[in-house]
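A.B. asks: For reference, the sequence and a predicted model appear below.
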Amino acid sequence: MSHDPYAIRPGERAVTLPDRVDAHLVFIGRIHTPFTMRAECPRQGRQDGPLCRIEIDAPWREGLKGLEGFAQAEVLYWMHQARRDLVLQSPKHNGETMGTFALRSPVRPNPISTSRVAIVAIGEGWVDVRGLDCLDGTPLIDLKPEHCAFSPPRN
């Protein structure tokens, strides 16, 4: 039995997306994870999750300088295969209908997601991390060091 991950569940409502485009994002790399289908992705990343690699595109690689001093980072990424038209959603884990902005679902008008990750290793043009919940090949929007009292610097 094949399950359509884009099918509308009872209680959900889609809207027509506007023609207007307000922003131009520049993807700075790609994220590589073991997840090839949405059903394989965890609901949220965990810092004891599988090892994932963030590849930074050549023009942006110098931006990694100094990141080695941090144990954690915040990763912002574009959930490129997510629906963008649902205003009401009914998560399969509870079936309760809620507004999109009351959920952490990847289904949103602008499918930007964020995860706090543990930095495992850094190389030339890549960062290995744990804590992601996205599909293999997900476009990277940004990578920011996480300044946390409970996160000692990596040295």
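C.D. replies: Sure thing, it's come through. Numbers count the residues shown, from 1 in each chain.

A.B. asks: contacting residues around stretch 26-37?
C.D. replies: When contacts are defined by C-beta atoms under 8 Å, 6 or more residues apart in numbering, stretch 26-37 is touched by residues 40-41, 50, 52-57, 60, 63, 75, 77-78, 132-143. Every C-beta, even on glycine, is put in place using the N, C-alpha and C of the backbone.

A.B. asks: next one: that stretch to chain centre, how far?
C.D. replies: Centroid displacement of stretch 26-37 relative to its chain, using C-alpha atoms, centre = their mean, to the nearest Å, is 9 Å.

A.B. asks: Would you mind extracting the C-alpha trace of that stretch into CSV?
C.D. replies: Extracted C-alpha coordinates of stretch 26-37, given in CSV (Å, rounded to 0.1, in the frame of the first residue of the first chain):
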residue,chain,number,x,y,z
VAL,A,26,21.0,32.1,-2.1
PHE,A,27,21.6,28.5,-1.2
ILE,A,28,25.1,28.2,0.1
GLY,A,29,25.4,24.4,0.0
ARG,A,30,23.7,21.0,0.4
ILE,A,31,23.0,18.8,3.3
HIS,A,32,23.7,15.1,3.1
THR,A,33,21.7,12.8,5.4
PRO,A,34,20.8,9.1,5.4
PHE,A,35,17.1,10.0,4.8
THR,A,36,15.9,9.6,1.2
MET,A,37,12.2,9.7,1.9
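
A.B. asks: Pull out the buried positions in it.
C.D. replies: Ile28, Gly29, Arg30, Ile31, His32, Thr33, Phe35 (16 or more other C-beta atoms under 10 Å).

A.B. asks: can you check stretch 68-83 too?
C.D. replies: Those would be Phe70, Ala71, Gln72, Ala73, Val75, Tyr77, Trp78, Met79, Ala82, Arg83, for stretch 68-83 by 16+ other C-beta under 10 Å.
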